[in-house]
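Asks: sequence below, structure please.
(chains A and B)
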Amino acid sequence: MRQLMNIFWLGIKELRSFFSDVVMVIFLVWSFTFSIYSEATGSSEDVNNASVAIVDEDRSALSRQIVTALYPPYFRTPEEIAAAEIDRSMDQNKYMFVLSIPPDFERDIRRGERPTVQLNIDATAVAQAALGAGYLQAIIEGEVAHFAQQFGDEYTPPVTLALRRAFNPNGSDSWFLAINAILNNLSILTIVLTGAALLREREHGTIEHLLIMPLTAFQIAMAKVWANGLVVLVAFSLSMFFVVENLLDVPIAGSKPLLLLGVTIYLFAAAAIGILLGTVARTMAQFALLMLLTIMPMMMLSGGVGPIESQPDYIQPITWLLPSRHFMEFAQAVVFRGAEFEIVWRPLFNMIWLGSVFFTISLMLFRRSVTSQR
Amino acid sequence: MPDDAQVSEHRMAAQIRDLRHVYKTATPLDGVTLDIPEGRMVGLVGPDGVGKSTLLSLIAGARRMQKGSLRVLGGDMASSAHCRAVSRRIAYMPQGLGKNLYETLSIHENLDFFGKLFGLGPERRASRIEQLTEATGLNPYLTRPVGKLSGGMKQKLGLCCALIHDPDLMILDEPTTGVDPLSRRQLWELVDAIKASHPKMSVIVSTAYMDEAERFDQLIAMDAGRILAVDTPEGLKAQTGTDTIEAAFVKLLPQTATDGHSRLAIPPLDHVDTQPAIVAEGLTRRFGDFTAVDNVSFRIRVGEIFGFLGSNGCGKTTTMKMLTGLLPASEGQAFLFGKPVDTKGTDMRRRVGYMTQSFSLFGELTVVQNLRLHGRLFHLTAEKTSARITELCARFGLDPYRDTHAAALPLGIRQRLSLAVAIIHEPEMLILDEPTSGVDPVARDSFWELLVEISRRDQVTIFISTHFMSEAMRCDRISLMHEGRVLVRGTPEDLVRQKNAPDLEAAFISYIEDDIGTLGDSRARAQQALKDATAAVPAASPERPGRVLAAFERTFAFSTREVLEVLRDPVRLAFAFLGSIFLLLIIAFGISHDVEDVTFAALDLDQTPESRAYLTHFSGSRYFIEQPELHSPTEFETRLKSNDITVALEIPRGFGEDVKGSSTPEVSAWIDGADPQRAGTIEGYVTGGHMEYLDRHLKNSGLDMSDFELVTVETRYRYNPSFESIYAVGPSVPAMLLMLFPAILMAVSVVREKEIGTITNFYVTPTSRLEFLVGKQLPYVMIGLVNFVAMSVLVVVVLDVPLKGSILALTLGALLYVTAATGFGLLVSTFTRTQVAAVFATAILSLLPTIQFSGMLQPISTLEGGAWLVGTLWPTSYFVHLSVGAFTKGLGPGDTLRDLAYLLIYAPLFTVISAMLLKKQEV
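Replies: So this is what the prediction gives:
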């Protein structure tokens, strides 16, 4: 009981401290509103406004028709260049795609001679290159087919394939990006808030003051976890339901209470990492540097940027130790696939025990780090 | 008339007319008018926070003037040209132990650095260092890092550094605060000796110790931003009719400040309990090979006020921490009320109140909130807490401040609040660690009144540490501590009597000398050393290097120092050399758009050879991994949900019949669309499998798919034929990291100097803005280049991305780019104040344009409007282009000229802008 009272009162103090730190409050609000909105709507990895050049050596009605079929938002209005300019302009990054239409293209189509158009793709931008090439190919084939409707035999496949996307039928990028952004900001905020709260007290010497009172390191750490966790949880909920669900129109397929439960568990694990960093670092500057080296891998390897199964085999067991990976698995399942507890209990469980391990390690280091300073 | 002014000016080191200085919350100088004569020793006395430091830093040229006029050594300090010219003739030692010294550098390295800043040639530097360290007795410790010096040694070194260039005006801001009495005496003797060897030199010294004021030729008493009086020490005492400077000062204060101030009388300790409250037996504490506290023992009776005396770093705080159980003792044992102290027990702590050295309340809470929090943490009931708050606020005069935030309280009030907090739970014992440092004499007396009341009325045992001798005299008993050991203990009167000393300070010095052996006459030694040198130096002639040469020397002095500092800071070192490599690997593995091993399961409602033939095109593909078959449409959904499968195929009933017959069956493929990009790639794979089946089907009927094609689209994936994302990541991620890491390290390096205070050395030496910035930048450019080489090797060897193009062009580009990146760090450092802010601001400001708009995610050619503009203006765009060109496109030096030309513009640009924004004086 006394334990709980101490944790409660210390946590109240944490909340007061947080709300008196204007910069942190602004950072929190910004992270959960503007930052998420811009990340979700800003850059997409879809083809957007791709720059195309055309080498039109045919100058027929058909070739012009193909050119006019390329228009925004996927493609920028194509520019016409000479064949000799292809290499140079691509070396200089001027165009992502250069389409060469050979002489007598239209005539060859009419005769059914199956002419070849050449499509040069700057493959250094992997994602856009693949998608854009697909679009371009479909557009060319479509235009040619439309042109050739009146003659030749058409191929009718014996089987058709109906491709459907589950959970995100329109393949909207902003859904995934929004969820990814909010989860990343959740990690960053929680770690920064708890770690900085601990370090601030250490730098001001108030932590010693607390340790001299009838309090334990566990109580002090726990108070920081619940108070800062609560702040982030509230910010997350508001952001999830106002910014993500309403403003960005991302449907949450699964149960919201389940999502909040998972977030709460993850907050504990992330806060434990924050406390751990706060105990390892000796100054705020060290904390900031350490944090960059911790958060980047947490974000990069969680499965939010690239799928887990694409990671090299020897990395995967290491990323298993990241709570963010389990959280990403859980959150994607609940938000997009509408998964229930029976399906996602495993990542939840993993987060709990990983969080407990981090928390225990930081408690072990906690007193030592305070007392080893002179 | 002009002649007159000229003459009087020559005799004045500084002429101050109506000087005002205002900050947001305080007015440290409120119209100061003062003449400081040349060739004299002038003392500036007054408590902390009355504007002494502001005045001194203005005279030294370290701070920018706001209002009024100030002429120093014959020129107007409002002119930056005069400031810079006169800086060669001024020596300034800011307040704080070793404030302007570099902790990780040795004594010799520090002195050498200062020598270079003032343009002393190598020989002159060596002889001057020899002479000064001889005079101060620092000679044997030349290679010891400053961080490991005692407070006294730090101050002596500070003095040496300030004196390295033989100044005409020496400004020392509280040189003796926090220094043990012996070192304090030595410091004063040193100053006297220096003064004696340079009769023309003017010295201005500030001090908070009133007892030191006797030694000055002239005294300036200051309070609340105003001059109270200017006179000789004798004149001051005569003027006020008092016998000590401290008393004279109190007399000089305006009436309101001294209201209710009377001489403190301490009733004797009548109640004598034989039971000891605190017992220490052989307490010892070691940190590594350093022994902070060495075999300390004492007994303190219940109700006693026990004073613990010693200088900074002598082990007082460490001993107190062991008594409270905060720090475990390496050896020995402490007992409170007869029970052993350990670090775990919390019950004992309810009987003890503690007040730490630094202000350790929660500044963001109000007075009442602070009190309430502590009450609750000691488990007082709500009613009891409120009652205690009312009582304490009334008794400690805190009522007017109840709802003020603790951080906004005046220092004296804060100390009272700290004490109130420490006793809210009515402890039987109080442990107070230097509770009155930095508090003015009047506030200190009222604080002691409270202590005496608590002790005598409530029988609370008080264990208090202090470095004020006047406070020590008020204790029942004291113990003197020096370098971790208790030298002696007893009543203050006894200690003075035993040594036949005039006062406690003299007694203390004599005890220290007993302990370490007399060091000889430090004054004589200093005078000898200085005289020897003055005789020797003129022969060596003051070699002044040319202007350009001097500028280069100062620049390299900063570079050399920076390199040494980074090499000795393990965290920055690791961050500098391993950070980017670590992140490169992480990102290379993380950002993989290559989708493989897609799990799929089929719901085969047909179960004919034909349907199974269809499925072999998936199960046989290298992209897919087949999972156990699905049996029902509901299973279909659950397995997609649980991420057990990513693709589900449904083959309708009658598929086999229909394929052979006339109707066209439709196969449905459900793809997990949570990650749209991955889903897009998988769609391609599924279509591919489907097409393969169609092809096979056609071939069986003697046809070929291509027979039906109207047109062939021949795709050429240039630069990355195997189409793996590593070819994009390999050359471009280093570009991002080469921006991020050098910029952050650079910004931290400059802001760190602001935070620690060593930036003062830039303010008060003849260093120009560009010398300072470029000097600090060079090492980080080198670090950046090393990183570039390491990352490039990693990209080629580990990530297997060939470097096809010109290595020379790439390296040249990297050099320019890293210069631009560090320049950006400098730019951020001009508007950030703390290291944390510097890290975050640099990270956020540089990552956004680097990742979003520099062609890493999206080619710049596809950007529009603002995004395009940012991308075009940001140097990363050009380096990414260059790097991708050199790695995957195989471009030669000729093709990269355009990028190199742009980078050549950016390389100096940020540094030059930073130089324009950097302030040469503190604001």
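Asks: state the number of residues packed around residue 128.
Replies: All of this is about chain A. If you count neighbours by other Cβ atoms under 10 Å in any protein chain shown, residue A:128 ends up with 25. Any C-beta I mention is one placed from the backbone N, CA and C, and that applies to glycine too.
Asks: meant chain B actually
Replies: Residues lying near residue B:128 (other Cβ under 10 Å) number 23.
Asks: that one sits in which helix or strand?
Replies: Per DSSP states H and E, residue B:128 falls inside helix B:122-136.
Asks: elements contacting the helix or strand following that helix?
Replies: Next in sequence after helix B:122-136, counting helices and strands by DSSP H and E, comes helix B:151-163. On a contact count with 3 or more Cβ pairs under 8 Å, 6 or more residues apart in numbering or on different chains; DSSP states H and E, helix B:151-163 meets strand B:90-93, helix B:107-117, helix B:122-136, strand B:169-173, helix B:181-197.
Asks: buried ones in the helix holding residue B:128?
Replies: B:124, B:125, B:126, B:128, B:129, B:130, B:131, B:132, B:133, B:134, B:135, B:136 (16 or more other Cβ atoms under 10 Å in any protein chain shown).
Asks: circling back to that earlier point, could you export the helices and strands packed on helix B:151-163 as TSV, including mean pLDDT?
Replies: Compiled in TSV, these are given as follows (pLDDT from 0 to 100):
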stretch	mean pLDDT
strand B:90-93	90
helix B:107-117	92
helix B:122-136	87
strand B:169-173	91
helix B:181-197	82
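Asks: make CSV from those and add distance to residue B:207 to it.
Replies: Output for the helices and strands packed on helix B:151-163, formatted as CSV (distance: least, Cβ to Cβ, whole Å):
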stretch, distance to residue B:207
strand B:90-93, 13
helix B:107-117, 24
helix B:122-136, 19
strand B:169-173, 9
helix B:181-197, 10
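Asks: tell me which of those lies nearest to residue A:16.
Replies: For the helices and strands packed on helix B:151-163, the distance to residue A:16 is smallest for strand B:169-173, at 36.3 Å, taking Cβ to Cβ.
Asks: what angle separates that closest one from helix B:181-197?
Replies: Counting by axes from the mean of the first three to the mean of the last three Cα atoms, to 10 degrees, strand B:169-173 lies at 170 degrees to helix B:181-197.
Asks: what pairs with strand B:169-173, parallel or antiparallel?
Replies: Strand pairing for strand B:169-173, determined by DSSP bridges: strand B:90-93 (parallel), strand B:202-207 (parallel).
Asks: for those, which one ends up most surrounded?
Replies: Among the strands paired with strand B:169-173, ranked by average contacts under mean count of other Cβ atoms under 10 Å in any protein chain shown, first place goes to strand B:90-93 (a mean of 25).
Asks: dump that one to PDB, restricted to CA.
Replies: Coordinates of each C-alpha in strand B:90-93 appear next as PDB, following Å, rounded to 0.1, in the frame of the first residue of the first chain:
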ATOM      1  CA  ILE B  90      43.800  41.700 -20.300                       C
ATOM      2  CA  ALA B  91      43.800  38.500 -18.400                       C
ATOM      3  CA  TYR B  92      40.400  37.200 -17.300                       C
ATOM      4  CA  MET B  93      39.700  34.300 -15.000                       C
END
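Asks: low-confidence stretches in the stretch 1-150 of chain B?
Replies: B:1-10, B:25 (pLDDT under 70).
Asks: one more time with 80
Replies: The model of the stretch 1-150 of chain B has pLDDT under 80 over residues B:1-11, B:23-27, B:46-50, B:96-98, B:150.
Asks: picking that back up, so which pair among the buried residues of helix B:122-136 is furthest apart in space?
Replies: Among the buried residues of helix B:122-136, B:124 and B:136 lie farthest apart (Cβ to Cβ), at 18.4 Å.
Asks: helices or strands up against the helix holding residue B:128?
Replies: If contacts are counted by 3+ Cβ pairs under 8 Å, 6+ apart, helix B:122-136 sits against helix B:107-117, helix B:151-163, helix B:181-197, helix B:522-540.
Asks: would you list these in TSV and tack on mean neighbour count?
Replies: As requested, those are exported to TSV (neighbours: other Cβ atoms under 10 Å in any protein chain shown):
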stretch	mean neighbour count
helix B:107-117	23
helix B:151-163	24
helix B:181-197	20
helix B:522-540	15
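Asks: domain-wise, how is chain A divided?
Replies: Structural domains assigned to chain A are A:2-42+A:169-371, A:52-147, following automatic domain parsing.
Asks: residue B:898: which of those domains is closest?
Replies: Taking those one by one with Cβ to Cβ, domain A:52-147 is closest: 7.6 Å.
Asks: anything in that closest one near chain B?
Replies: Yes - Domain A:52-147 reaches chain B (Cβ under 8 Å from any Cβ of the partner chain) through A:76, A:90-96, A:109, A:112, A:114-131, A:133-134, A:136-137, A:140-141, A:144-145.
Asks: repeat for stretch A:305-324
Replies: Yes - Stretch A:305-324 lies within reach of chain B by Cβ under 8 Å from any Cβ, at A:305, A:306, A:307, A:309, A:310, A:311, A:312, A:315.
Asks: check stretch A:179-190 too.
Replies: No - residues of stretch A:179-190 are not located near chain B by Cβ under 8 Å from any Cβ, the shortest gap being 8.6 Å.
Asks: now do the helix holding residue B:128: distance to the chain's middle.
Replies: Relative to the centre of its chain, helix B:122-136 is centred 31 Å away, using Cα atoms, centre = their mean, to the nearest Å.
Asks: report the angle between that helix and helix B:151-163.
Replies: Per the same axes, to 10 degrees, the angle that helix B:122-136 makes with helix B:151-163 is 140 degrees.
Asks: give me the number of neighbouring residues for residue B:406.
Replies: 22.
Asks: same question for residue B:442.
Replies: Residue B:442: 18 neighbours (other Cβ under 10 Å).
Asks: that one and residue B:249 touch, don't they?
Replies: No - Residue B:442 lies out of contact with residue B:249 (Cβ atoms under 8 Å); the separation is 9.5 Å.
Asks: distance of the residue of chain A positioned farthest from its centre from residue B:710?
Replies: Within chain A, residue A:111 marks the point farthest from the mean C-alpha position, 50.3 Å out by Cα atoms, centre = their mean. Distance, residue A:111 to residue B:710, using Cβ to Cβ, to the nearest Å: 11 Å.
Asks: and the strands paired with strand B:169-173: which comes nearest residue B:562?
Replies: Checking the strands paired with strand B:169-173 against residue B:562 by Cβ to Cβ gives strand B:90-93 as the closest, at 22.0 Å.
Asks: what residues does that closest one touch?
Replies: Outside strand B:90-93, the residues within contact range by Cβ atoms under 8 Å, 6 or more residues apart in numbering or on different chains are B:56-57, B:60-62, B:72-73, B:100, B:158-159, B:161-163, B:165, B:167-173, B:175, B:760, B:764.
Asks: how about a cut-off of 7 Å?
Replies: B:60-62, B:100, B:158-159, B:162-163, B:167, B:169-173, B:175, B:764 (Cβ atoms under 7 Å, 6 or more residues apart in numbering or on different chains).
Asks: closest to chain A among these?
Replies: residue B:100 (19.4 Å; Cβ to the nearest Cβ).
Asks: need phi/psi at the closest one.
Replies: The phi/psi pair for residue B:100 (degrees, to the nearest 10) reads phi -100, psi 10.
Asks: tell me the contacts of it?
Replies: With contacts defined as Cβ under 7 Å, 6+ apart, residue B:100 is in contact with B:93, B:94, B:158, B:757, B:758, B:760, B:761.
Asks: repeat that with 10 Å
Replies: Residue B:100 makes contacts with B:62, B:92-94, B:110, B:114, B:158, B:161-162, B:753, B:756-761, B:763-764, as judged by Cβ atoms under 10 Å, 6 or more residues apart in numbering or on different chains.
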